[in-house]
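Chemist: Here's my sequence, what's the structure:
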Amino acid sequence: MDLSWWFRRTTKSSTQHSPNPNPPKPQNEEEEELGITEQLIDFVKSFTFDTFKNFPLQDDDDDGGSETAMTTSSSSSSRGNVRNDLSEWQQRHATLVLSKIKEISKLRYMLCPRHLKERQFWRIYFKLVKSHIAEYELCAIQLEKLKTMATENEKSSDISPYEVEMAETKHTEHISPPSP
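Modeler: Prediction:
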């Protein structure tokens with residue numbers, strides 16, 4: 001039995017159904033990019049109410065250290081489930097962690113805003129998991145810088161030769177020495 005016709009037909013139909021040249025990233029690839037590994041998941045599942053409540057958090061850039069300031073709600077300034085004062089990478093990481101690890105989502109619900117502000121919760125979380133995610137965050141920062149540099153290079157290469165010539169002409173007129 002010759003199955004080559006079936007293989008060609010399957011291959012042809014699969015190439016016709018993918019008009020998007022940049023398909024969305026698979027879930028595992030996004031998790032890897034954001035540092036969501038099995039080790040991190042196991043570590044985060046070990047967090048308890050007391051882990052956050054007893055964490056020695058210094059109020060260096062927070063709203064003072066009074067007991068009343070700690071019990072006020074800050075969730076009104078958050079976007080969706082995650083704070084705006086986090087970096088873009090941290091926001092994506094936190095959103096994925098909340099959706100993937102139900103234990104941290106429940107813990108956050110218990111702690112915020114009754115015991116901790118949203119900002120304090122995420123500061124503590126990122127300090128606790130720093131050793132697990134540092135290299136992933138650094139990689140994301142480097143990629144972002146490369147994209148920015150590439151965008152700047154594209155902008156600078158968009159200058160036409162006439163613009164450069166005009167700029168050079170104006171520059172030489174201003175620096176030419178006065179005639180004796």
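Chemist: Name the SS class of the nearest residue to residue 55 once chain neighbours are set aside, please.
Modeler: Leaving aside its sequence neighbours, residue 55 sits nearest to residue 124 (Cβ to Cβ, 6 or more residues apart in numbering; 4.7 Å). From N, CA and C alone the C-beta is placed, and that goes for glycine too. Put simply, residue 124 is helix when judged by DSSP: H, G, I helix; E, B strand; the rest coil.
Chemist: how about low-confidence regions in the protein?
Modeler: Residue ranges of the chain with pLDDT under 70: 1-27, 59-84, 156-180.
Chemist: just the helices in it please.
Modeler: Taking DSSP state H, the helices of the chain run over residues 4-16, 27-33, 38-45, 49-53, 67-71, 88-100, 102-111, 118-128, 130-157, 161-175.
Chemist: Could you double-check that residue 97 sits in contact with residue 47?
Modeler: No. Residue 97 is beyond contact range of residue 47, at 11.0 Å (criterion: Cβ atoms under 8 Å).
Chemist: tell me, what's touching those two both at once?
Modeler: Taking Cβ atoms under 8 Å, 6 or more residues apart in numbering as the contact rule, residue 97 and residue 47 both touch residue 104.
Chemist: So these two - more neighbours on which side?
Modeler: With neighbours defined as other Cβ atoms under 10 Å, residue 97 and residue 47 compare such that residue 97 has more, 23 against 17.
Chemist: how about that one, what does it touch?
Modeler: Residue 97 neighbours (Cβ under 8 Å, 6+ apart): 36, 44, 104.
Chemist: Cheers, nothing more for now.
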